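> Let me see the structure of the following:
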Amino acid sequence: MRDESRGRAVTLIAELRAEPGYEVRIAKLLDSLAVAVKDEPSQPTFSPSWSMEKGLFVVYERYLDQSAFESHLAAPHTQEFNRAVSPFVVGGRSSLTFLYPLNVLATTVDSRSELVDN
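Below is the predicted model:
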């Protein structure tokens, strides 16, 4: 579920699993992308990390709104990163998990009938 609201922050986790032997190359590409993202007009949060699980990179990202996220995706540095990293990532791309505040859950499901408090 992607939030199409223009006024709500967009928060996500991107995961990339390196093909064996390409961990250092992906780390360098992510580091370069992180530097470029700092100069985006909306100044998003872009925090790449490496898991102790071999080959797993996780990026926490937060954008001011949907428009800022779309601008990030369209930015030349993002496009170049996606092209450059593709051959070295399992599946050829990152996996995105969008995150929402808990109050969004309360407004999208009937908590009395859909959720069970254990």
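
> residues near residue 102, how many?
A total of 6 residues lie near residue 102 under the criterion other CB atoms under 10 Å. Glycine gets a C-beta too; all of them are placed from N, C-alpha and C.

> need the helix or strand of this structure with the lowest average pLDDT.
helix 111-114 (a mean of 53; mean pLDDT, DSSP states H and E).

> middle-most residue in this structure, spatially?
residue 14 (3.5 Å; CA atoms, centre = their mean).

> May I have the host helix or strand of it as PDB, with CA atoms only?
Residue 14 belongs to strand 10-17 when elements are defined using DSSP states H and E. The C-alpha atoms that make up strand 10-17 are tabulated as PDB, following Å, rounded to 0.1, in the frame of the first residue of the first chain:
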ATOM      1  CA  VAL A  10       6.700   9.000   3.100                       C
ATOM      2  CA  THR A  11       8.800   6.600   5.100                       C
ATOM      3  CA  LEU A  12      10.200   3.400   3.800                       C
ATOM      4  CA  ILE A  13      12.900   0.700   4.200                       C
ATOM      5  CA  ALA A  14      14.800  -0.300   1.100                       C
ATOM      6  CA  GLU A  15      16.600  -3.600   1.200                       C
ATOM      7  CA  LEU A  16      19.300  -4.700  -1.300                       C
ATOM      8  CA  ARG A  17      20.900  -8.100  -1.200                       C
END
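
> Run me through the strand neighbours of that strand, direction for each.
The strands beside strand 10-17 in its sheet (DSSP bridges) come out as strand 56-63 (antiparallel), strand 95-99 (antiparallel).
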